[in-house]
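1. I would like the atomic coordinates for the input below:
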Amino acid sequence: MTMMKKYFFGILLLVAFCTTSNAQVEFVEVTTAEEMRAVQQKASDQQLMLFVDVYATWCGPCKLMDKEVYTDPVVADYMNANFVNVRMDGETEYGRVYASEQHLEGYPSMFIFSREGEPVSRIMGFTPSEELVASLRSTVENYKSMTRYRAKHERGTLDDREFADYITIVRDMGNQDEADLLASQYLERVIGEKLSDHDIRVVAFYMDLEDNWWPSFSSDPDRLKQVLGADYMLSMEKIYNNTLVKAIDNEDIGLISKMSNELTPLVENEAVSSWDLRSQPFVQYYYYTDRIVELIDYVDGRFSTDRKGDHLWLYGAASQITDMDQQYRTEELLKKELEWFKACIDLEEHFDYYFYHGMVLFLLKNQDDAKTSFLKAQTLATTEEQHQMIGQVLSFVNGQ
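-> Numbers count the residues shown, from 1 in each chain. Predicted coordinates for the structure are as follows:
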């Protein structure tokens with residue numbers, strides 16, 4: 001690129017910036033119940049949905065939303081055209097009342113209501129511009145479909161495909177209680193063990209491995225992936241969690257073995273984690289049924305036999321146990337975790353091994369040795385994330 005072209009390109013950028021820098025979402029700041037009723041009426045009068053951003057003045061992600069997202073011209077154009085937009089400090093007198101009514105879980109939280117004031121969806125946490133617009137577009141379009149399906153459902157005229165679409169839309173919009181109720185009605189209509197594509201889309205989020213549907217459901221993984229699409233791994237996670245909870249509640253180790261043998265093959269080529277998915281159900285089962293001795297024996301036994309010398313496997317098991325037990329700090333487990341992470345270090349020095357080794361020492365209140373492990377981890381840090389993480393931990397440890 002010539003110098004002239006570079007200069008000309010710079011001028012274009014400057015012009016573009018100057019013409020769009022004033023674009024921003026037009027918010028109404030609400031501080032009282034009366035003001036909220038007024039904007040709800042405005043949304044109704046203008047036949048627009050209502051967008052409510054609940055923030056806190058100290059919240060970093062909230063400030064980032066103000067700086068980077070609500071000033072984006074694409075975001076501003078879409079939100080100003082399709083919503084009445086409201087902002088509210090969740091820690092003012094009225095803000096706390098409103099946050100409680102909406103069951104606020106953190107800042108920022110964004111609530112979306114229909115023109116009639118019906119809760120439609122919610123978005124939590126910092127959301128980049130492109131993601132926010134995509135989510136809002138989906139909400140607007142899905143709400144139109146949902147109202148159409150709801151009317152047909154009330155008349156009793158939904159066919160199976162429409163009913164499955166209805167449940168999926170309600171679930172995707174975050175209305176889990178309503179989706180659960182609709183799914184229970186749908187499941188009453190599912191007869192026999194042979195599932196249609198529409199049946200699969202519903203039962204995938206509500207079944208476990210002991211359901212009569214499981215053999216039919218799991219018999220054709222390629223069909224599952226085609227029918228469920230982007231929801232495939234999410235549904236597998238739901239089935240995993242449903243089955244794990246049932247196994248723990250009933251203290252059924254046989255169901256854990258079934259998970260390991262039958263569910264794992266459906267996800268092991270899709271999962272992000274590289275750890276042994278066949279081992280994970282056993283580790284979680286023994287921990288959550290308080291079988292600490294059996295948990296230790298399971299990890300030691302696997303590491304001394306079929307996983308002998310596999311420090312990646314041992315780290316996966318030990319770090320999962322450490323993460324699960326941080327709140328309770330079971331001393332017997334903590335001492336074994338130290339052994340396991342030390343065994344990993346002996347086989348290969350790695351940032352993660354020293355980091356977790358230091359964490360366990362800190363939980364055992366051995367701050368000097370913990371600091372030594374953290375300092376060693378710092379020398380092995382290779383990514384910006386690792387440098388930031390260990391820097392924050394060392395700052396905390398040094399302040400103790």
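2. in what helix or strand does the residue nearest to residue 325 when sequence neighbours are not counted lie?
-> Nearest residue to residue 325, sequence neighbours excluded (Cβ to Cβ, 6 or more residues apart in numbering): residue 333, at 5.4 Å. In this view, the C-beta of every residue, glycine as well, is placed from N, C-alpha and C. Element membership for residue 333, per DSSP states H and E: helix 331-347.
3. what's the answer for residue 209, then?
-> Remark: residue 209 resides in no helix or strand, with elements defined by DSSP H and E.
4. Test my guess that it contacts residue 256.
-> No. Counting by Cβ atoms under 8 Å, residue 209 stays clear of residue 256, with 9.9 Å between them.
5. Quickly note the distance from the residue lying closest to residue 54 once chain neighbours are set aside to residue 109.
-> Setting aside the residues directly before and after it, residue 54 is nearest to residue 90 in space (Cβ to Cβ, 6+ apart), at 4.4 Å. Using Cβ to Cβ, to the nearest Å, one gets 8 Å for the distance from residue 90 to residue 109.
6. And residue 58, by the same measure?
-> Distance check for residue 58 against residue 109: by Cβ to Cβ, it reads 15 Å.
7. Between these two, point out the one with more neighbours.
-> Legend: neighbour count by other Cβ atoms under 10 Å for residue 58 and residue 109, higher for residue 109 (21 against 9).
8. What residues does the more buried one make contact with?
-> For residue 109, the contact set (Cβ atoms under 8 Å, 6 or more residues apart in numbering) comprises 53-54, 90, 99, 102, 122-124.
9. Point out where this protein drops to low pLDDT.
-> Where the chain drops to pLDDT under 70, the residues are 1-22, 191-193, 270-275, 400.
10. and with 80 instead?
-> For the chain, the stretches flagged by pLDDT under 80 are 1-23, 173-175, 189-193, 268-275, 399-400.
11. hey, which helix is longest across it?
-> Selection of the longest helix in the chain by residue count, based on DSSP state H, yields helix 129-155.
12. Report the buried residues of the helix or strand following that one.
-> Downstream of helix 129-155, the first helix or strand assigned by DSSP H and E is helix 160-172. Residues 160, 162-172 are the ones in helix 160-172 that count as buried (16 or more other Cβ atoms under 10 Å).
13. Next: stretch 179-196.
-> For stretch 179-196, using 16+ other Cβ under 10 Å, the buried residues are 179, 182-183, 186, 190, 195.
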